[in-house]
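Peer 1: Everything below, folded, please.
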Amino acid sequence: MDSEPNETPFAAVSAQTSKLGRIYQSYLDKCTPYTAYRWIGTGVLLALFFVRILMAQGWYIVCYSLGIYLLNLFLAFLQPKFDPSLTQDEGLEDGDASQPTLPTKQDEEFRPFIRRLPEFKFWHSSTRAIAIAFFCTWWGVFNVPVFWPVLVVYFIILFSLTMRRQIQHMIKYRYVPFTFGKAKYNQRSGH
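Peer 2: Residues are numbered from 1 along each chain as shown. Presented below is the predicted three-dimensional model:
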């Protein structure tokens, strides 16, 4: 593409950025249906990141930051878009505690589980974060000296407490964010 003589440098950069954004989005659109392959690629990237951390014996704060970010993404992936505890609390504030948030009887409306963070966005954000963290391990400025066993213990405690709270929330409000283990009904005419 020949640029016009009266085109500003900002407009030229903006046009190229827009073009690269469209190309990137087209690749994302093409890989959307291949869920297993996307997650396998992310797992390989994460394994490369861990190998880099172990071989370099450093960048533990980058690893810890990535772990906290991935934990936050995972929690958003497990939570419903419309949190039943929040709607129940709103009903209590209004003085109406009789509003059920999830169907408890057969004649009530069925509302499927909608995630706060959809699977594709979870994958995309995770992969992007792992790639950025991997990139950070090649720069000495991010190699902050820390006593890594404290970070590991703190992360394990943080993970166990937040997952315990999330599982209690799932049990209290009776929702399951996964499809495996749920009843499946055949659409065949004979049954």
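
Peer 1: The spatially most central residue of the chain and Ile132, how far apart?
Peer 2: Nearest residue to the geometric centre of the chain (CA atoms, centre = their mean): Phe122, 2.9 Å. The gap separating Phe122 from Ile132 is 16 Å, by CB to CB, to the nearest Å. Glycine gets a C-beta too; all of them are placed from N, C-alpha and C.

Peer 1: Ok, Val13 next?
Peer 2: According to CB to CB, Val13 and Ile132 sit 22 Å apart.

Peer 1: Which of those two has more residues huddled nearby?
Peer 2: Neighbours were tallied for Val13 and for Ile132 using other CB atoms under 10 Å; the higher tally belongs to Ile132 (13 against 10).

Peer 1: after the lowest-mean-pLDDT helix or strand in the chain, next one along is what?
Peer 2: Least confident element among the helices and strands of the chain, by mean pLDDT, DSSP states H and E: helix 84-93 (a mean of 57). Later in the chain than helix 84-93, the nearest helix or strand by DSSP states H and E is helix 119-136.

Peer 1: Give me the helices and strands touching that next one, please.
Peer 2: In terms of contacts (3 or more CB pairs under 8 Å, 6 or more residues apart in numbering; DSSP states H and E), helix 119-136 is packed against helix 35-56, helix 60-78.

Peer 1: What is the neighbour count of Ala56?
Peer 2: Taking other CB under 10 Å as the neighbour definition, Ala56 ends up with a count of 12.

Peer 1: let me redo that: Arg38
Peer 2: Using other CB under 10 Å, Arg38 is surrounded by 19 other residues.

Peer 1: Kindly report the same for Ser126.
Peer 2: By the criterion of other CB under 10 Å, Ser126 has 21 neighbours.

Peer 1: rewinding a little: the residue nearest to the centre of the chain and Leu73 touch, don't they?
Peer 2: Yes. Phe122 lies in contact with Leu73 (CB atoms under 8 Å); the separation is 5.7 Å.
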